[in-house]
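Participant: Sequence and predicted structure, then a few things I'm wondering about:
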Amino acid sequence: MSKSRIINIPQRIVNVLGTEYQIIFKSEMPEGLKETELGKIVLEHKWIILEDADNDRWIRGADHHKQILTHELIHAFLFESGLEDICRSERIVNWIAIQFPKILNTVTEAERVVKKHRKQGDKR
Ligand SMILES: [Zn+2]
């Protein structure tokens with residue numbers, strides 16, 4: 001059974017399919033955590049832990065950092081979907097994280113094309 005554990009730091013909370021995940025920078029983590037509690041994502045506690053070496057770059061929204069955040073969130077989405085058998089698969093998670101923006105673009109484009117076509121059809 002997973003159990004969320006809230007760390008008392010500035011609250012950066014995101015909702016993953018109804019479950020709150022806390023985004024934490026490494027330097028904010030309390031002392032004395034177990035090795036398993038220092039991963040990039042701790043599904044059991046609902047933590048996403050980011051390197052804060054360059055907090056500044058986060059603020060500027062560098063692509064590399066967005067990709068890391070997307071990657072960790074995909075782990076969380078799979079886990080919260082009950083797909084525990086694949087939620088830790090780096091191969092699957094990497095594929096989704098890399099393709100996700102492209103899929104979103106194509107879906108948006110497809111919707112636009114369909115809407116345009118329907119509008120033209122309505123005129124007849
Ligand atoms: Zn990963």
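Facilitator: Arrived safely. Bear in mind the structure is a predicted one, so any value in this text is a computation, not a measurement.

Participant: lowest-confidence helix or strand of this structure?
Facilitator: helix 55-60 (a mean of 60; mean pLDDT, DSSP states H and E).

Participant: In space, what's closest to the spatially most central residue of the chain - neighbours in sequence excluded?
Facilitator: For the chain, the residue nearest the mean C-alpha position is residue 73 (1.8 Å; C-alpha atoms, centre = their mean). Nearest residue to residue 73 in three dimensions, chain neighbours excluded: residue 16, at 6.7 Å (C-beta to C-beta, 6 or more residues apart in numbering). Any C-beta I mention is one placed from the backbone N, CA and C, and that applies to glycine too.

Participant: Contact partners for that neighbour?
Facilitator: Residue 16 sits next to 73, 76, 77, 80 when contact means C-beta atoms under 8 Å, 6 or more residues apart in numbering.

Participant: One more pass at 6 Å, please.
Facilitator: 76, 77, 80 (C-beta atoms under 6 Å, 6 or more residues apart in numbering).
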